[in-house]
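J.: fold the following for me, if possible:
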Amino acid sequence: MQDKRQDFSDKISVIMAVGLVVLSLIVNSFFRDDSADPNVITEIRFPAYETEYREINSAMPFVVNNKLPEGWSLSYEGDEKLFPEADLYSPYYIYNGDVCIGYIGFNIFTPPAEDTDIKEYHKAVIPEVNADIPDYTIVRLTEWFEAGYCTLSDGEKTADAIICFNKDIHTMAGIVLTEGVADETTLQQICLSLSFSAM
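T.: Numbers count the residues shown, from 1 in each chain. Have a look, this model is predicted:
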């Protein structure tokens, strides 16, 4: 009789153990980390931290949302000297694995005259970057928002870049990337994924 009770007890223990394993798998599946999913929106808040410029620090807080390509991530740490000099402040650095491939920073701008053609508006914004931008291709254009890509140079270094801005809150963001790290299709996809709003 005691052996039968022991066998029954052992069976119950096995059933409970199996049940715990199954429950653990269900919980892990439900709460798994999907942060590496390239379709997940990355939220970038500006100003990220204070700079030496009071006007930049007092800019209206805003959020840039975009989809980073698979394998890319953001960090507060990086080396801005790897890229052409540009007036883009409070940067987040962009990594592909362990390699710093770019950064995203922001600036403010003075809006042009109210009657400026919507397709010409970027000509009042781009000079704020304070870099040589010989070409600029508009990818996304709405009444209040624009995003496009270009080549950016400071005379010594050249990079690919994306410029986006919100006409309502008079702020802009620039993504500066190592030249060639993103093809034209990828630059267009990033532009199309961008959105921009005040906090």
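J.: make it CA atoms for all contacts and neighbour counts henceforth
T.: Noted.
J.: now the helices for the chain?
T.: Using DSSP state H, the helices of the chain run over 2-30, 54-57, 122-125, 184-193.
J.: ranking those by mean pLDDT, which is last?
T.: Mean pLDDT values for the helices of the chain show the minimum at helix 2-30, a mean of 42.
J.: domain-wise, how is the protein divided?
T.: Using automatic domain parsing, the domain ranges for the chain come out as 1-32, 42-198.
J.: please enumerate the strands of the protein.
T.: 42-46, 62-66, 72-75, 89-96, 99-108, 136-141, 145-153, 158-166, 171-178, 195-198 (DSSP state E).
J.: can those go into CSV with extra columns for mean pLDDT?
T.: Shown next, in CSV, are the strands of the chain (pLDDT from 0 to 100):
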stretch, mean pLDDT
strand 42-46, 86
strand 62-66, 89
strand 72-75, 93
strand 89-96, 94
strand 99-108, 95
strand 136-141, 96
strand 145-153, 96
strand 158-166, 96
strand 171-178, 96
strand 195-198, 84
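J.: quick one: which of those is nearest residue 117?
T.: Comparison of those against residue 117 by C-alpha to C-alpha identifies strand 136-141 as nearest, at 12.1 Å.
J.: report the buried residues of the closest one.
T.: 136, 138-139 (16 or more other C-alpha atoms under 10 Å).
J.: can you put these in a markdown table and add distance to residue 46?
T.: Formatted as a markdown table, the buried residues of strand 136-141 follow (distance: C-alpha to C-alpha, whole Å):
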| residue | distance to residue 46 |
| --- | --- |
| 136 | 24 |
| 138 | 23 |
| 139 | 23 |
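J.: quick check, nearest of these to residue 124?
T.: Looking across these and measuring by C-alpha to C-alpha, the closest to residue 124 is residue 136, at 13.0 Å.
J.: wait, the closest one touches residue 150, no?
T.: Yes - counting by C-alpha atoms under 8 Å, residue 136 touches residue 150, with 4.5 Å between them.
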